[in-house]
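> give the three-dimensional model of this entry:
(one chain, ligands or ions: 2)
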Amino acid sequence: MQSKTSNDLLKFFIDTCKQQNLKVTPQRMAIYKELIKSKNHPSAEAMFQKVRRQFHNISFDTVNRTLFTFSEIGLIDIVEGHGRPRRFDPDMNMHHHFHCIKCGNITDFRNDAYDNLEIPENIKQKFMVIRKRVVLKGSCDKCSKRSEFSNAS
Ligand SMILES: [Zn+2]
Ligand SMILES: [Zn+2]
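Numbers count the residues shown, from 1 in each chain. Ligands and ions are numbered 1, 2, ... in the order given. Modelled structure (predicted):
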């Protein structure tokens, strides 16, 4: 989240909720705040573990449903093709992902050339594109280092 401060994001959150007639409850606010704080595209389970420290009675189901509601109204994004559990992304600015197939980390990166990739004509004619993202998969720096020391672990 390089280009927006968390105050901007909170304003975006409140504005979007208002536009979409979603009440800004303390729980929803807490879920969104935790999400923008975390840098690792958390799953609903990981979000639940964080938010329940503040709201002891909140259920996993509520957190999970709230995340899906957020994605439906365009507040956050669901990370593409990562299988289960789904992972969530609060950064709605153009950016790209590196998926580590070993530890499951999803790293954001920015790249002007990728941002400017042309949508192919045959896709443009048939589909309405609302988001463009390049996904790279492989082994992250930590996992690559680890495998140098054999598989003794
Ligand atoms: Zn890794
Ligand atoms: Zn991301």
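
> for the one residue sitting closest to the centre of the chain, which non-adjacent residue is closest in space?
Of all residues in the chain, the one closest to the mean position by CA atoms, centre = their mean is D89, 1.0 Å from it. Closest residue to D89 apart from its sequence neighbours, by CB to CB, 6 or more residues apart in numbering: D77 at 4.3 Å. For every residue, glycine as well, the C-beta is placed using N, CA and C.

> number of nearby residues for the nearest residue to V79 once chain neighbours are set aside?
Among residues not flanking V79 along the chain, R87 sits closest, at 4.1 Å (CB to CB, 6+ apart). For R87, the count of nearby residues is 23 (other CB atoms under 10 Å).

> ok, the residue nearest to D89 - contacts?
Going by CB atoms under 8 Å, 6 or more residues apart in numbering, D77 touches 71, 88-92, 131.

> so the helix or strand of the chain with the lowest mean pLDDT, near ligand 1 or not?
Within the chain, no helix or strand scores below helix 141-148, which has a mean of 83 by mean pLDDT, DSSP states H and E. Yes - interface with ligand 1: helix 141-148 contributes C143 (CB under 5 Å from the ion).

> got any ranges where this structure has weak pLDDT?
Scanning the chain for pLDDT under 70 picks out 1-3, 82, 148-153.

> and this protein, which residues reach ligand 1?
When proximity is defined by CB under 5 Å from the ion, the chain lies next to ligand 1 at 100, 102-103, 105, 140, 143.

> let's see that with 8 Å instead.
Proximity of the chain to ligand 1, by CB under 8 Å from the ion, involves residues 100-105, 139-144.

> can you list the domains in the chain?
Domain ranges of the chain: 6-88, 94-148, per automatic domain parsing.

> how close does the nearest residue to V129 once chain neighbours are set aside sit to S147?
Nearest residue to V129, sequence neighbours excluded (CB to CB, 6+ apart): I119, at 5.4 Å. Going from I119 to S147 by CB to CB, to the nearest Å gives 37 Å.
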